[in-house]
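Student: Any chance you could fold what I've pasted below:
(one chain, ligands or ions: 1)
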Amino acid sequence: MLRFRILARDGDARRGLIETAHGSLETPGFFAVATRAALKGLDTESARRAGVQALICNSYHLAVQPGPELVAAAGGLHRFMGWPGVLATDSGGFQVFSLQHGQVADELKGRRRLPPIEDPLAAVRVDEEGAVFRSWLDGSMHRFTPENNMELQRALGADLVFCLDECTPFHVPRQYTEAATERNLRWARRCLEAFSGGAQALFGIVHGGVYPDLRRRSAAGIAELGFDGFGIGDCLGETKLDWYGVVDLVRPLLPDDRPRHLLGVGEPDDLVEGALRGIDTFDCAMPTRLARHGQALHMGRPRFRIDLARSARRGEDGPLEEGCDCHTCARFSRAYLAHLLRAREALSVPLLAEHNLRFTARLLERVREAISAGRLRDLRTEVLAAA
Ligand SMILES: [Zn+2]
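Tutor: Here you go, the predicted model:
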């Protein structure tokens, strides 16, 4: 079940509301990444306090550990991880396939052959039926097909689920991306046929790498199949300009009345640029990953980051970011946070993660307000000038 309403428009940008069986998500909105049913460094209640509206977990990781049977017996993923809100699962295609591409690239360049599945070094192999991969946990072999991936994601019970796909990286030749794009379309059809609906919504994913004709072909094919929403995935290129081009190319080919999700993108300037190009939702592990490296997001230089341990202002009594309304900034000083980092106290991670997630949520609140006011381009100018 998914309802998407568009509440305001500003050029190609739109402000909207996605309603699911577990509440709603204001768009443009953000899915915080909880790969293994956990945000790295903080619990779900702190995330809610920071304004996180939705989480995304990875079905490949959860299939290996703890396994879908255990999650289903525990009442489904929402209950298992203590998150009553909007929840998505990725198919796991990115994780499965990212393991094998070094081998594929080498094979296509004629340097060596892909090892057979029996080879203990073979992480994965892709064929028409699906993908075989070796568990990083115990070495056991698993096969993902579009059909059993839909079953897996149903057992996990997220509100939004993504089709099984192969995600091609930048360095593979066009012929590989072309074959994968066609196969992903066939897999998308099989996912749709195997998908049982009910409380869940299914998102198709647009592929085609950096090749405009393949992107057009994939977008038209996915749109024709008809999904509850559409992800823009696969290799988005090497630079930001590459993915701007991909989104501009794909957007007119997707149905206007369905949400569009940009996979794996979430830098502050990306959120504004994506919203300007009609993206409704984003996901990115960056806010929590930065926290583990002692970095805080702020509206400033360099690149929206404060490297707390090296900052010239690390001894200051004031908050991490002036004007931030997060729990961390309300309660703790820069000096204290820098001390935690230098003393290697684990508490630095949840405090920085909560600030970074709040920063992201606040920026998207500003994006939504700017769309309603018809001023998103002004906000972009302001954000780009800050960093
Ligand atoms: Zn803060």
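Student: after the helix or strand harbouring Ala180 comes which helix or strand?
Tutor: Ala180 belongs to helix 174-194 when elements are defined using DSSP states H and E. Counting by DSSP H and E, the next helix or strand C-terminal to helix 174-194 is strand 201-206.
Student: what's next to the helix holding Ala180, contact-wise?
Tutor: Taking C-beta atoms under 8 Å, 6 or more residues apart in numbering as the criterion, the residues outside helix 174-194 that touch it are 104-105, 108, 126, 128, 130, 145-147, 149-151, 163-166, 168, 202, 204-205, 207-209, 211, 214, 217-218, 221-222, 225-227, 234-235. (Each C-beta comes from the backbone N, C-alpha and C, glycine too.)
Student: Mind giving me the PyMOL select for those residues, buried ones only?
Tutor: Here the buried members of the contacts of helix 174-194 are turned into a PyMOL selection, burial being counted by 16 or more other C-beta atoms under 10 Å:
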select buried, resi 104+126+130+145+146+147+149+150+163+164+165+166+168+202+204+205+207+208+209+211+214+217+218+221+222+225+227+234+235
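Student: Inside strands: which ones of the contacts of helix 174-194?
Tutor: When DSSP state E defines the strands, the subset of the contacts of helix 174-194 inside them is 126, 202, 204-205.
Student: And those, which is closest to the ion?
Tutor: Closest approach between the ones in strands among the contacts of helix 174-194 and the ion, by C-beta to the ion: Ile205, at 33.4 Å.
Student: Help me confirm that the closest one comes into contact with Leu236.
Tutor: No: checked against C-beta atoms under 8 Å, the pair Ile205 and Leu236 is beyond contact range at 12.0 Å.
Student: So which of the ones in strands among the contacts of helix 174-194 reach the ion?
Tutor: Of the entries in these, none also sits close to the ion under the rule C-beta under 5 Å from the ion.
Student: will you turn those into CSV that also has distance to Val272 and pLDDT?
Tutor: Below are the ones in strands among the contacts of helix 174-194 laid out as CSV (distance: C-beta to C-beta, whole Å; pLDDT from 0 to 100):
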residue, distance to Val272, pLDDT
Val126, 36, 82
Leu202, 28, 98
Gly204, 26, 98
Ile205, 23, 97
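Student: okay if I get these as CSV plus distance to Arg5?
Tutor: Compiled in CSV, those are given as follows (distance: C-beta to C-beta, whole Å):
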residue, distance to Arg5
Val126, 38
Leu202, 19
Gly204, 20
Ile205, 23
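Student: Pull the most distant pair out of those.
Tutor: Val126 and Leu202 (21.3 Å; C-beta to C-beta).
Student: Find the residue closest to Arg9 in space, skipping its chain neighbours.
Tutor: In space, Arg9 comes closest to Ile371 once its chain neighbours are excluded; the distance is 7.2 Å by C-beta to C-beta, 6 or more residues apart in numbering.
Student: any idea which helix or strand carries the one you found?
Tutor: Using DSSP H and E, the secondary-structure element containing Ile371 is helix 348-373.
Student: Can you give me the buried ones in that helix?
Tutor: Buried residues in helix 348-373, defined by neighbour count with 16+ other C-beta under 10 Å: 348-364, 366-368, 370-371.
Student: SS state for the residue nearest in space to the middle of the chain?
Tutor: When the chain is reduced to its mean C-alpha position, the nearest residue by C-alpha atoms, centre = their mean turns out to be Asp283, at 2.9 Å. Following DSSP: H, G, I helix; E, B strand; the rest coil, we place Asp283 in the strand state.
Student: which residues does it bridge with?
Tutor: Beta bridges link Asp283 to Phe31 when assigned by DSSP bridges.
Student: Please tell me how far it sits from Asp127.
Tutor: Asp283 sits at a distance of 28 Å from Asp127 (criterion: C-beta to C-beta, to the nearest Å).
Student: show me the contacts for Gly208.
Tutor: 177, 181, 214-219, 234.
Student: that older thread, run the chain-centre distance for the helix holding Ala180.
Tutor: Here helix 174-194 is found 20 Å from its chain centre; the criterion is C-alpha atoms, centre = their mean, to the nearest Å.
Student: what's the angle from it to strand 201-206?
Tutor: 160 degrees (axes from the mean of the first three to the mean of the last three C-alpha atoms, to 10 degrees).
Student: And helix 174-194, what's buried?
Tutor: Residues 176-178, 180-181, 183-185, 187-192, 194 are the ones in helix 174-194 that count as buried (16+ other C-beta under 10 Å).
Student: The protein - how does it break down into domains?
Tutor: Partitioning the chain according to automatic domain parsing yields domains covering residues 3-93+145-284, 286-387.
Student: Test my guess that Met341 contacts Gly294.
Tutor: Careful, residue 341 is Leu and not Met. Yes: taking C-beta under 8 Å as the contact criterion, Leu341 and Gly294 are neighbours in contact, 4.7 Å apart.
Student: List the residues that are in contact with both of those two.
Tutor: Listed as contacting both Leu341 and Gly294 by C-beta under 8 Å, 6+ apart are 308-309, 348.
Student: Return only those of these found close to the ion.
Tutor: Applying C-beta under 5 Å from the ion to the shared contacts of Leu341 and Gly294, one finds that nothing falls near the ion.
Student: For the residues you listed, please prepare CSV with the additional fields pLDDT.
Tutor: Listed next are the shared contacts of Leu341 and Gly294 as CSV, based on pLDDT from 0 to 100:
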residue, pLDDT
Leu308, 94
Ala309, 89
Ser348, 97
